[in-house]
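Chemist: Okay, here's the prediction I keep looking at, along with the sequence it came from:
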Amino acid sequence: MPIEIRELHIKVAVTGGGPGAGGGAAAQPPGAADGAGEQAQQALVAECVEQVLRILQNKMER
């Protein structure tokens, strides 16, 4: 008999962890311009939103 998983909770904590990262500020690679870190963060958020929407759409199709 197959097992159906109806709900899955995943919890992730992401930290900069690199040298100079602290105070809750977004970690930037050395030599990066101030705007580059913000653009990278926005791109990451956009990618996450796309993946969540794709998952929700697949869930609705079932």
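Modeler: Arrived safely, thanks for sending.

Chemist: For stretch 9-16, what is the distance to the chain centroid?
Modeler: Its chain's C-alpha centre and that of stretch 9-16 lie 8 Å apart, by CA atoms, centre = their mean, to the nearest Å.

Chemist: Output it as PDB, nothing but the C-alphas.
Modeler: Extracted C-alpha coordinates of stretch 9-16, given in PDB (Å, rounded to 0.1, in the frame of the first residue of the first chain):
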ATOM      1  CA  HIS A   9       7.500  21.300   6.500                       C
ATOM      2  CA  ILE A  10      11.000  22.500   5.600                       C
ATOM      3  CA  LYS A  11      12.700  25.100   7.800                       C
ATOM      4  CA  VAL A  12      16.000  26.600   6.600                       C
ATOM      5  CA  ALA A  13      18.200  29.300   8.200                       C
ATOM      6  CA  VAL A  14      20.500  31.100   5.800                       C
ATOM      7  CA  THR A  15      23.300  33.300   7.200                       C
ATOM      8  CA  GLY A  16      26.200  35.100   5.500                       C
END
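
Chemist: pLDDT (mean, whole number) over it?
Modeler: For stretch 9-16, the mean per-residue pLDDT is 82.

Chemist: residues contacting Val45?
Modeler: Contacts for Val45 (CB atoms under 8 Å, 6 or more residues apart in numbering) come out as none. Using the backbone N, CA and C atoms, a C-beta is placed for each residue, glycine as well.

Chemist: mind starting the numbering at 33 from now?
Modeler: Renumbered: residue one is now 33, and that last one reads Val77.

Chemist: Could you measure from it over to Glu93?
Modeler: Relative to Glu93, Val77 is positioned 25 Å away (CB to CB, to the nearest Å).

Chemist: likewise Lys43?
Modeler: Separation of Lys43 from Glu93 (CB to CB) stands at 26 Å.

Chemist: For the chain, which segments count as strands?
Modeler: In the chain, no strands are defined using DSSP state E.

Chemist: pLDDT weak spots in it?
Modeler: By pLDDT under 70, the low-scoring segments of the chain are 49-66.
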